[in-house]
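Q: dropping a prediction and its sequence here:
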Amino acid sequence: MRIVTSIGEMRDTVRERRGAGQLVGLVPTMGFFHAGHVSLMQAAREDCAFVVVSLFVNPTQFGPGEDLAEYPRDLDRDVEMAEAAGVDCIFHPEAREMYPERFLAYVEVKEAGEVLCGASRHGHFRGVATVVAKLFNIIPAHRAYFGLKDAQQVWVIRRMVRDLDFDVEVVACPTVREEDGLAMSSRNIYLKPEERKAATVLYRSLRLAGDLVAGGERHAARVLEEMNALIAGEPLVRTEYVEAVDWETLGPAGMLRGEVLIALAARVGKARLIDNILLDVPA
Ligand code: PAF
C-alpha cells in the first residue's frame, strides 16, 4: 500500500489507473479508524480495482472551540487497518498542501448546511463540502463512499455533486454500530465508562421512533416527544436537537410519510454524538 502526500502525485496515480481502465474508489476520512471506516473500505474494495483512502483532519470543518486540536489521531494503526482492508493507497496530505496561503475559494450548499447539525456548527458543512470538492478533484474516482451515520453530510455531498456536476457516484453505506447499538464514531473515545453506557439511550430512542412509526404513528411531534422523554431519563445526555425531516429536502416533516430522516445530536461529557435512522413510511 502506498502513502501519498502530494496532490500532484496523487492525481497522476489515479489518472494512470483510470487510463488503464480501472474503476477507482475513494473513501474520504479523517482517520482514527473504526469498524465503520473499515466497512466503507470493504465496500470500495468489493466494487473497485483501485481503492484510495484519504486521511486528513480537515481544519475548515471545525469551528472555534471545537475539537480540532484534540481530534484523535493514530497514523500507524490507521495504516495497518487500511492495509488489512485491502486499500491500495492512502492520501495523507499536510494542511498546507490542501490549504495554501490565502486560500479563498469555498463551496457552500446553502440552506441544507444550516439545519440540523448546521444550525449549531456554523460553517461546518461549508468546510466539508470544500474539502470533499477538493478531494474529488485531486482523486478523480468513479465512486466515493460515505457512511450514513453522517446522513446530513451525505445529503450535502450528493447535492454538491448534482449542482456542480461532479462526475462521481456517491455511495452511502449503512451505519455500523457497537453491540449495544451505539453508532461507531472516532469521538466515542472521549466517553468515560458511565457516559459510554448512558450514550446507548440515543439509539434506543431512534429504535423507539421506528417502533412508534411501525405501530402507525404518523405525527412527527408525538414521535419526537416520546424520544425526548426517553433521553431525558439519562441525566448524562444533553440533547442538542431531535428532529424529523424529509429525506428529499431536509425540510421539517410534520406528518411522517415517504422517506423520513429522524436525526439527533447530543452532548455526552466531552463528546458531541450524532445518530439517525432513515424510515420509509407508507402513506
Ligand atoms: O466524515 C468525515 O470523516 C469527514 O467529514 C470527511 C467527509 C472526510 C471530510 O473531511
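A: All right, it came through fine.

Q: CA atoms for contacts and neighbours, from now on please.
A: Will do.

Q: how about the residue of the stretch 151-283 of the chain found nearest the ligand, nearest residue that isn't a chain neighbour?
A: In the stretch 151-283 of the chain, the residue that lies nearest the ligand is residue 153 (7.1 Å; Cα to the nearest ligand atom). Closest residue in space to residue 153, ignoring its immediate chain neighbours: residue 125 at 7.2 Å, by Cα to Cα, 6 or more residues apart in numbering.

Q: gap between the one you found and residue 113?
A: Computed as Cα to Cα, to the nearest Å, the residue 125 to residue 113 distance reads 5 Å.

Q: what touches both of the two?
A: Contact criterion Cα atoms under 8 Å, 6 or more residues apart in numbering; residues shared by residue 125 and residue 113: residue 156.

Q: quick check: the residue of the chain nearest the ligand.
A: For the chain, Cα to the nearest ligand atom, closest residue to the ligand: residue 29, 3.6 Å.

Q: where exactly do the strands run in this structure?
A: Assigned by DSSP state E, the strands in the chain fall at 2-4, 24-29, 50-55, 89-91, 143-147, 169-173, 237-246, 258-268, 271-281.

Q: list the contacts for the residue nearest in space to the middle of the chain?
A: Centroid-nearest residue in the chain, with Cα atoms, centre = their mean: residue 150, separated by 3.3 Å. Contact analysis of residue 150 by Cα under 8 Å, 6+ apart lists 274, 275.

Q: pLDDT score for it?
A: In the predicted model, residue 150 carries a pLDDT score of 98.

Q: cool, residue 112 as well?
A: For residue 112, the model assigns a pLDDT of 88.

Q: residue numbers of the chain in contact with the ligand?
A: The chain comes close to the ligand at residues 28, 29, 30, 58, 128, 132, as judged by Cα under 6 Å from any ligand atom.

Q: of those residues, just say which sits nearest to residue 192.
A: Closest approach to residue 192 among the residues of the chain next to the ligand (Cα to Cα): residue 30, at 22.3 Å.

Q: residue 55 versus that closest one, what's the distance?
A: Applying Cα to Cα to residue 30 and residue 55 gives a distance of 5 Å.

Q: with residue 205 instead?
A: Residue 205 is 32 Å from residue 55, by Cα to Cα.

Q: again with residue 128
A: 14 Å.

Q: ok, the nearest residue to residue 87 once chain neighbours are set aside - contacts?
A: Closest residue in space to residue 87, ignoring its immediate chain neighbours: residue 51 at 5.4 Å, by Cα to Cα, 6+ apart. Counting by Cα under 8 Å, 6+ apart, residue 51 touches 24, 25, 26, 27, 41, 44, 45, 87, 88, 89.

Q: tell me where this structure has helices.
A: Ranges of helices within the chain are 7-19, 35-47, 75-84, 95-98, 117-120, 124-138, 151-163, 193-198, 200-214, 220-232, based on DSSP state H.

Q: quick one: low-confidence residue ranges for the stretch 1-150 of the chain.
A: For the stretch 1-150 of the chain, no stretch has pLDDT under 70.

Q: how close does residue 8 get to residue 267?
A: Residue 8 is 40 Å from residue 267, by Cα to Cα.

Q: residue furthest from the geometric center of this protein?
A: Most distant from the centre of the chain: residue 20, at 30.9 Å, with distances by Cα atoms, centre = their mean.

Q: return the residues in contact with it.
A: When the contact criterion is Cα under 8 Å, 6+ apart, residue 20 has no partners at all.
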